[in-house]
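1. Have a look at this prediction, sequence included:
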Amino acid sequence: MSLQVSDLSFSYGTKTALDSVSFTVGRGQFAALLGPNGAGKSTLFSLLTRLFVTQGGAISIARHDLKAAPLAAMADLGVVFQQTTLDLDLTVRQNLRYFAALHGISGRDADTRIDAALDRLGMAERAGEKARGLNGGHRRRTEIARALLHDPKVLLLDEPTVGLDAPTRAALTQHIHDLCNDTGMTVLWATHLTDEVADSDQVILLHRGRVLADGSCGELRGDAPLHSYFAQMTGASA
Amino acid sequence: MRHAFIAMRAIVLREALRFVHQRERFIAALVRPLVWLLVFAAGFRAALGLSIAPPYQTYITYETYIVPGLCGMVLLFNGMQSSLSLVYDREMGSMRLLLTAPLSRVWLLFSKLLGSTIISIFQVYAFLLVAWLFDITVPGWGYVAVLPALVLAGLMLGALGLALSSFIKQLENFAGVMNFVIFPMFFLSSALYPLWKMAESSELLHDICAANPFTHAVELIRFALYVEWNGMALLWTALATLVFMGLAVWGYDPARGMMTRKG
């Protein structure tokens, strides 16, 4: 399995943010981590990206245990944070070069990868523009291109479509689905927007720090629209 | 190993690029000590008589006395400035990007520290150049000998900034750092007046100044500018660097979860 979370718990003092969370996402699978605000998605992402250390349970990324082999696990991980992490005073290419170097990629190799990643996201002609001048959608694309530079096996995206208009949201969601199919990359996409999830996607429903459901979107929702199922599940336990 | 140095170069380069983009920061870094040197020192020159004390071998003017302290001031302010930019980085998320790189956190923080120290040193030399233009000079070799002292003092103050940045939760709290760290550190040191002068007015103040690591950083710079050795200052500055660096590593330890907390 490409991403495995076992019995993960985390609390801020006495407040429990995650309670025995377990799920696995297979290779080439698009998994939507669906949960309302405050469900524990960001805490889970902080644990997955090693910004917090696990208090209980384990995380395995591309078969590397995050605690035992953190650097190997992080090398196989691509992350798009909810908040933009671009240096706005640098150009798109400079931002990507900086990130490539953090992963030990430099020189011609870095340039080749940057060109390929930008091309894939339709950002090639903006490589020389400063990040500050880009609109929200283009900034997001740049960040996704950046997260792909080191060919990660697992890609995490934390509510990547926040603040984007509907067509841009749809295009980005489609693009990541294509990426999963074409490259066999494992994707964990955190969101609270049900229209970003396709029937073939895996859905992990997180609410108040616990996994309420985990399975294929089509099977989970049955005949009901996903948003009704989502409301029913999260409302039922409220 | 190659990976680590590629990353270090990129982090240093990014700090440099950021500095180039902030021209006001450079001007402020240069103007601040020059105001002290040319205005403050001119006023104090008459009021403050300085006797001969090592490393000086002759009577010196007050302007000459405060040059090392002002070099320290440039390093101190720059260290705090990079601390400010780290808090900003954390709020803006770019710190997350750095800390999720597949490299040891100590190395990443050290690279960041090195980047800000190099920029500090560049500013110190710019200041020394302007001071030289105003005929406030040190022995020729002093400009070379001071480099390792500046590196160590810069690392110490940068590490202090780094440690502070991990404890400052929000950008707004930075004013507190100015009041409670920069000013006491600068005024309670040998930057503006020699320690024996301080002892004349208060033994307690003298003891505080003698314990202040900034005093030792300034003395290290002072002696190096005159190509003289000061083992005690070196030891204190090196020790303080290690302590501040340890604090910074502790502050950014993921087990403490210092990054933004949200559900």
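-> Everything's here; your move.
2. residue ranges of the helices in chain B, please?
-> Ranges of helices in chain B, per DSSP state H, are B:2-21, B:23-35, B:41-47, B:62-92, B:94-99, B:105-133, B:142-167, B:174-177, B:183-187, B:195-201, B:203-211, B:213-225, B:231-251.
3. packing partners for the third one?
-> When you say that, I think you mean helix B:41-47. helix B:62-92 (3 or more Cβ pairs under 8 Å, 6 or more residues apart in numbering or on different chains; DSSP states H and E). Bear in mind the C-beta positions are built from the backbone N, C-alpha and C, glycine included.
4. in the helix it packs on, what's buried?
-> B:62-87, B:89-90, B:92 (16 or more other Cβ atoms under 10 Å in any protein chain shown).
5. mind listing the strands for chain A?
-> Assigned by DSSP state E, chain A shows strands spanning A:3-12, A:15-25, A:30-34, A:56-61, A:64-65, A:77-80, A:154-158, A:186-191, A:202-207, A:210-216.
6. any chance of those strands in a markdown table, with mean neighbour count too?
-> Listed next are those as a markdown table, based on neighbours: other Cβ atoms under 10 Å in any protein chain shown:
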| stretch | mean neighbour count |
| --- | --- |
| strand A:3-12 | 18 |
| strand A:15-25 | 18 |
| strand A:30-34 | 26 |
| strand A:56-61 | 19 |
| strand A:64-65 | 17 |
| strand A:77-80 | 24 |
| strand A:154-158 | 24 |
| strand A:186-191 | 24 |
| strand A:202-207 | 23 |
| strand A:210-216 | 16 |
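7. okay, those in a markdown table with mean pLDDT and distance to chain B next?
-> Putting those into a markdown table (pLDDT from 0 to 100; distance: least, Cβ to the nearest Cβ, whole Å) gives the following:
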| stretch | mean pLDDT | distance to chain B |
| --- | --- | --- |
| strand A:3-12 | 93 | 6 |
| strand A:15-25 | 93 | 6 |
| strand A:30-34 | 94 | 13 |
| strand A:56-61 | 93 | 11 |
| strand A:64-65 | 94 | 10 |
| strand A:77-80 | 94 | 6 |
| strand A:154-158 | 94 | 10 |
| strand A:186-191 | 93 | 12 |
| strand A:202-207 | 94 | 11 |
| strand A:210-216 | 93 | 13 |
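8. Kindly reformat these as CSV containing distance to residue B:151.
-> Formatted as CSV, the strands of chain A follow (distance: least, Cβ to Cβ, whole Å):
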stretch, distance to residue B:151
strand A:3-12, 40
strand A:15-25, 43
strand A:30-34, 46
strand A:56-61, 38
strand A:64-65, 37
strand A:77-80, 34
strand A:154-158, 39
strand A:186-191, 43
strand A:202-207, 49
strand A:210-216, 52
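9. Figure out which of these is closest to residue A:126.
-> Closest to residue A:126 of the strands of chain A is strand A:77-80 (Cβ to Cβ; 17.5 Å).
10. CA atoms only: put that closest one into CSV for me.
-> This file holds the C-alpha atoms of strand A:77-80, laid out as CSV (Å, rounded to 0.1, in the frame of the first residue of the first chain):
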residue,chain,number,x,y,z
LEU,A,77,6.0,12.6,-0.6
GLY,A,78,4.6,15.6,-2.5
VAL,A,79,2.6,18.2,-0.6
VAL,A,80,0.3,21.0,-1.7
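11. Summarise which helices and strands that strand is packed against.
-> helix A:136-148, strand A:154-158.
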